[in-house]
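Chemist: Predicted model, plus sequence, below.
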Amino acid sequence: MGTRVFGEPVERREDDRLLTGQGRYLDDLGREALAAAFVRSPHAHARIADVDVSGAIDVDGLVAVYTWEDLPGRVGEPLPLLIPHPALTHGRTGYPLARDVVRHVGEPVAMVVARDRYLAEDAAERIRVEYEPLPAVVGIEAASRADRLVHDDVPGNVGAVLVQENGDAPAAIDAAPHVLEFGLAIERSASTPLEGRGVYARWDADDGSLRVYSSTQASTSVRAAIAARLGLPNGKVEVVAPDVGGGFGVKIVHPWPEEILVPWAARLLDREIKWTEDRREHFVSAAHERGQLQDVRVGFDDEGRILGLDVRIRHDHGAYTPYGIIIPIVTSTQLLGPYKIGAYRAEVVSLYTNTLIVTPYRGAGRPQGVFCMERTMDRVAHHLGRDRAGVRAANLIQPDEFPYDQGLTFQDGRPLIYDSGDYPELLRKARELIGWDGFDAERAKARSHGRRLGIGLGVYVEGTGVGPYEGGHVEIDTAGRVHVSTGLTSQGQGHETVFAQIAAAELGVPVGDVHVTTGDTRRFGYAVGTFASRAAVMSGNAIALACRKVRGKALRIAGEALEADPRDLEITDGVVHVRGDPSASVPLRTVAVLSNPLRYAFDEEAAAATQFAVGRPVTEPPVASGDEPGLEGRDYYSPVRSTFAAGAHAAIVEVDPDTAEIAVLRYAVVHDCGRLINPMVVEGQIHGGVAQGIGGALYERMAYDESGQLLNASFMDFLMPYATEIPRIETDHLETPSPLNPLGIKGAGEAGVIPVSAVIASAVEDAEGVRVDAMPISPDALHTLRLRAASDPSLRVREGVRAG
């Protein structure tokens, strides 16, 4: 592997196209297609007594109206439970169109197809649905009380109870010199990508095939789901993810009701049909994340070392569980972070509520786990009067302890074993980058001017590169162009750039000669999807392995042409040459010609591969046994278990003494994702993640009332940070290569968001001297904390970075 391309800050190749308006997003397609719209429930919980579509029939341009009764066979069955788990004893999924009962505001009840979207919406408004409202279960406390049920056949609203433990945590805590008990809370938020969901389908009746475009993170899985529900062979269904305007996890869910209904209707009507989600639909009918309550009991010694930790996590998974209990599993396992915990027990209780489903959003359970662990570390430090960074350092896994087995089972069903890292160095670098040791003086200077500053930090570990596999296909054509295909999809991560860098470095070609295709089942049919910071680890290694096959074949063919030992050859700038003798060479484009024995010559280069030109012995076949024509290769990468990236974040905040407004003045990140493919792309991922994390820490929350109505389902009311609220993000990198994959890399996509709520909570608490146990924290919430702390001294904490 050369270093000339791999590891360099190559500019993103996608950006010129996307920034000059040349992107092709879902709604740019199917301009002449019929449009679909949906009638959605205005109630959080209700029986459907009647659906009267007669008022829509007279709308000019109406093509069809469908309710659940119109859906045949498997089309009308409940949507799949994608990730079953033994602990998920009461998993439930919704129907594509509601049958009998609706269980959250926004659940689809009827589908309208019309000449255009305006007419479809007009018709949808004329459909009258008679509902019989039922009591709604809103919030974790209400779900826990279980005096009302979301599903009549789910006792206590409990979908799953999962316990994982390593050692006897209750006994270790009871025997510890110091014990603390407290509760924590994180509210719901959501991905809210710039582009919502969307589906465009067209049926080819002549050959019985279906092409579907979907704004998805899992095109091959969408294909499998559509094929199964519509009774079609996989080979007759093509799914393409065009340019996708952000996903952040919400588009990994599949199939959405619309991904079944739109293709089904397109085949039934033999017409092109398109549906694109509007913003309110996204708020009430896509998915949310984050909401948890955590009860913590911890025992520790005089140095702050954790001897036992027992956490009960109550998780709100909404009305249905299509994605299983992956989020609370991740929370309970990633909660341990980079620390050696004497004994650990986590109990997850996953609860139904009459609210929108909860599925992964960037971080996918990790922010909640890190919030719990890092708040615990601060509690321990405050109790002992010790430096918060020092308490963390006392608990860190050391570099010579890898691989480190935490004794739990991760979300991939494999052991939670950390592969590599240097957590003390991450913490040291973060302290240095933020100026931790000199902050007391900075605080005092600010105070003399009436300003109130605080500093916080957080350290985390992120499981990345989750299996089971991804694949890559690489082909060098007779013009010397390198075509790389992989099945997972792109939503802005820079895959076209980093995968091209991997291929260019492996093959010895200019990066500009590499062309990358993702998320198109026509080009690559087997894949899993883009989630869990896995694209570079999974597809990157698969592409590298495929390139090595192609390189080996190219050197063999070139060796025959040059009458040289392939072991003496190398490839530089797309030319195969004898090492140390560039004059003895052959371009890769010529090698590609020679790799495909021809009968007919289409041009001068092709003539070199015809039967009277190729100098292969007449006793041997033109294509050797076990070989294939062409200069191409395909391979798959399937890891034995996940890799574990890590990082340390630190922030300085200022809190207004009068208004309680919170401003993030500085933010520092030190990140370890193994070998860096492109440090500029990694920094971009970190910056975007931190911005989302600040939104989740200070602004973003889903506000439901007691009847299950979402009160802030628009960008007028759902607060997000502007660029003015995001500070300059200072970054540094550490590289501890993973021993688990050929490239030594780990994932980076979610790293920026994971510890931000914990870091901001630590900093605000430091500035104010009052406990921060719930996020997000708004000025109003902080003002309330001030009032409570004024009358309850137990809510106050020691001031400063150190005690003394």
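Modeler: Structure's in. What do you need? Numbering: from 1, shown residues only.
Chemist: Can you classify F38 as helix, strand or coil?
Modeler: Using DSSP: H, G, I helix; E, B strand; the rest coil as the criterion, the local structure at F38 reads strand.
Chemist: How about V509?
Modeler: Under three-state DSSP, the three-state class of V509 is coil.
Chemist: so it sits right up against V591, yeah?
Modeler: No - assessed by CB atoms under 8 Å, V509 is found out of contact with V591, at 11.6 Å. Bear in mind the C-beta positions are built from the backbone N, C-alpha and C, glycine included.
Chemist: so R267 sits in a strand?
Modeler: No - assigned with three-state DSSP, R267 falls outside any strand and is helix.
Chemist: Ignoring the adjacent residues along the chain, who's closest to it?
Modeler: Distance criterion CB to CB, 6 or more residues apart in numbering; nearest residue to R267, sequence neighbours excluded, is W203 at 4.3 Å.
Chemist: Can you get me a residue count around the one you found?
Modeler: The burial metric for W203, expressed as a neighbour count using other CB atoms under 10 Å, is 22.
Chemist: what sits against it?
Modeler: When contacts are counted by CB atoms under 8 Å, 6 or more residues apart in numbering, W203 touches S209, L210, P263, A266, R267, D270, R271.
Chemist: what's the answer for L488, then?
Modeler: For L488, the contact set (CB under 8 Å, 6+ apart) comprises 217-218, 470, 495, 518-519, 527-530, 534-535, 538-539.
Chemist: What is the subsequent helix or strand relative to the helix or strand bottoming out on mean pLDDT in the chain?
Modeler: Between all helices and strands in the chain, the lowest mean by mean pLDDT, DSSP states H and E belongs to helix 604-607, at a mean of 71. Per DSSP states H and E, helix 604-607 leads on to strand 631-637 as the next helix or strand towards the C-terminus.
Chemist: can you give me how far the host helix or strand of the residue nearest to R267 is from the chain middle?
Modeler: Element membership for W203, per DSSP H and E: strand 198-204. On the basis of CA atoms, centre = their mean, to the nearest Å, strand 198-204 is displaced by 26 Å from the centre of the chain it belongs to.
Chemist: where do the strands sit along the stretch 601-750 of the chain?
Modeler: Secondary structure of the stretch 601-750 of the chain, counting by DSSP state E, counting those that start in this stretch: strands at 631-637, 643-655, 662-672, 729-734.
Chemist: For the second one, name the packing helices and strands.
Modeler: Contact here means 3 or more CB pairs under 8 Å, 6 or more residues apart in numbering; DSSP states H and E; on that basis strand 643-655 packs against helix 423-434, helix 439-447, strand 453-464, strand 662-672, helix 756-768.
Chemist: out of those, nearest to E132?
Modeler: Among the helices and strands packed on strand 643-655, helix 756-768 comes nearest to E132, with 40.1 Å by CB to CB.
Chemist: Turn the strands of the stretch 601-750 of the chain into TSV, columns for mean neighbour count, distance to A35 and mean pLDDT.
Modeler: Below are those laid out as TSV (neighbours: other CB atoms under 10 Å; distance: least, CB to CB, whole Å; pLDDT from 0 to 100):
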stretch	mean neighbour count	distance to A35	mean pLDDT
strand 631-637	20	39	97
strand 643-655	27	43	98
strand 662-672	23	43	98
strand 729-734	18	41	97
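Chemist: Dump these into CSV; add distance to S485 as well.
Modeler: Conversion of the strands of the stretch 601-750 of the chain to CSV gives the following (distance: least, CB to CB, whole Å):
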stretch, distance to S485
strand 631-637, 9
strand 643-655, 24
strand 662-672, 29
strand 729-734, 30
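Chemist: Out of these, which gets nearest to R126?
Modeler: Distances from R126 to each of the strands of the stretch 601-750 of the chain were compared using CB to CB; the shortest belongs to strand 662-672, at 47.3 Å.
Chemist: can you list the helices and strands packed on strand 643-655 in a markdown table and add distance to Y25?
Modeler: What follows is the helices and strands packed on strand 643-655, written out as a markdown table (distance: least, CB to CB, whole Å):
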| stretch | distance to Y25 |
| --- | --- |
| helix 423-434 | 38 |
| helix 439-447 | 45 |
| strand 453-464 | 28 |
| strand 662-672 | 30 |
| helix 756-768 | 29 |
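Chemist: now the strands: where do they sit in the stretch 201-350 of the chain?
Modeler: Listed in chain order, the strands of the stretch 201-350 of the chain (DSSP E, counting those that start in this stretch) span 209-214, 237-240, 273-276, 292-300, 306-316, 344-351.
Chemist: Those strands: which one's closest to D52?
Modeler: For the strands of the stretch 201-350 of the chain, the distance to D52 is smallest for strand 273-276, at 22.8 Å, taking CB to CB.
Chemist: Give the ranges of residues in the protein that sit below the confidence cut-off.
Modeler: Along the chain, segments meeting pLDDT under 70 span 1-3, 611-612, 614-616, 799-804.
Chemist: how does it look with 50?
Modeler: Low-confidence regions of the chain, defined by pLDDT under 50, span residues 1-3, 800-804.
Chemist: Among the contacts of W203, which one has the most neighbours?
Modeler: Going through those with other CB under 10 Å as the criterion, the one with the most neighbours is P263, at 31 neighbours.
Chemist: That residue touches L210, doesn't it?
Modeler: Yes - shown here, P263 and L210 form a contact pair, counting by CB under 8 Å, at 5.7 Å.
Chemist: Find residues that contact each of these two.
Modeler: By CB under 8 Å, 6+ apart, the residues touching both P263 and L210 are A201, W203, I226, L230.
Chemist: and the first one, what does it touch?
Modeler: Contacts of A201 were listed using CB under 8 Å, 6+ apart, and they are L210, R211, V212, Y213, V262, P263, A265, A266, R267, E272, I273, K274.
Chemist: And the residues you listed, which is closest to R12?
Modeler: Ranking the contacts of A201 by separation from R12, with CB to CB as the measure, puts Y213 on top at 23.4 Å.
Chemist: and the gap between that closest one and A758?
Modeler: Taking CB to CB, to the nearest Å as the criterion, Y213 is separated from A758 by 39 Å.
Chemist: what's the answer for E604, then?
Modeler: In this structure, E604 and A758 are separated by 65 Å, where distance is defined by CB to CB.
Chemist: If you count surrounding residues, which of the two has more?
Modeler: When E604 and A758 are compared on other CB under 10 Å, the one with more neighbours turns out to be A758, at 33 against 8.
Chemist: Quick check, that one in contact with V459.
Modeler: No - the pair formed by A758 and V459 falls short of the contact definition of CB under 8 Å, at 9.2 Å.
Chemist: overlap in contacts of the two?
Modeler: Contact criterion CB under 8 Å, 6+ apart; residues bridging A758 and V459 by contacting each: E374.
Chemist: Count the neighbours of Y25 for me.
Modeler: The local packing count at Y25 equals 17, with neighbours defined by other CB under 10 Å.
Chemist: so what's it up against?
Modeler: Residues in contact with Y25 (CB under 8 Å, 6+ apart) are E195, S215, P242, D243, V244, G245.
Chemist: Helix or strand next in line after the biggest helix by length in the chain, which one?
Modeler: For the chain, the helix that runs over the most residues, judged by DSSP state H, is helix 541-562. Moving toward the C-terminus from helix 541-562, the first helix or strand encountered (DSSP H and E) is strand 569-572.
Chemist: ok, and for the helix or strand following that following strand, which residues are buried?
Modeler: Toward the C-terminus, strand 569-572 is succeeded by strand 575-578 as the next helix or strand (DSSP H and E). By neighbour count, and taking 16 or more other CB atoms under 10 Å as the criterion, the buried residues in strand 575-578 are V575, V576, H577, V578.
Chemist: could those go into JSON lines alongside distance to A663?
Modeler: What follows is these, written out as JSON lines (distance: CB to CB, whole Å):
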{"residue": "V575", "distance to A663": "56"}
{"residue": "V576", "distance to A663": "58"}
{"residue": "H577", "distance to A663": "59"}
{"residue": "V578", "distance to A663": "62"}
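Chemist: of these, closest to G552?
Modeler: V576 (11.9 Å).
Chemist: That closest one contacts P582, correct?
Modeler: No - V576 sits out of contact with P582 when judged by CB under 8 Å, with a separation of 10.3 Å.
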